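Visitor: I'll drop the sequence and a predicted model, then ask my questions.
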Amino acid sequence: MQPIDQNVPFSVAAGKDKTAKDAGDPELRALGETLQGYLAYMRGEAGAPEHLSIEESGQRGVETCTCPDCTNRTVNMGFFSIKNTRSGLDMELPYMAVHALANHGQAIYKGTLHEGEVDVERLKQILG
């Protein structure tokens, strides 16, 4: 995966031809908010459904979101693993990825420590 060019609007890097503030996909936001609710390190209070196994690996520190429309928002610099115990599908993501989904409606995430793109279709299958 190529690094995200800081000079390109976040939404263009995500494959959308809009300004960053207009780029949020409501479906991705909802997906991120659901996932965020399961994660204690993101202040989630909802219990995960029985078919999901989540192991959090929070770290002693934070990372800052570097997308242009974010104002130095920070999240725990750790990550988590999520597994659908019925299907066996699993995934590991940094908390920054959930921040991008829930707050920006973007699958592409970029922080001071982690950057990448969430495989949204796989995540949907896992959350099933």
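Guide: Cool, got the structure.

Visitor: ok, now which ones touch Val98?
Guide: By CB atoms under 8 Å, 6 or more residues apart in numbering, the contact set of Val98 is 32, 35-36, 39, 42, 75. Every residue, glycine included, has its C-beta placed from N, CA and C.

Visitor: how about those residues, which pair is most distant?
Guide: Spatial extent of those (CB to CB) is set by the pair Leu35 and Val75 at 12.7 Å.

Visitor: Show me which of the contacts of Val98 is closest to Leu123.
Guide: Closest approach between the contacts of Val98 and Leu123, by CB to CB: Leu35, at 7.6 Å.

Visitor: Assign a three-state SS to that closest one, would you?
Guide: Taking DSSP: H, G, I helix; E, B strand; the rest coil as the rule, one finds Leu35 in the helix state.

Visitor: Now name the helix or strand holding the nearest residue to it once chain neighbours are set aside.
Guide: Once flanking residues are discounted, Leu35 sits nearest to Val98: 5.4 Å by CB to CB, 6 or more residues apart in numbering. Using DSSP states H and E, Val98 sits in helix 95-99.
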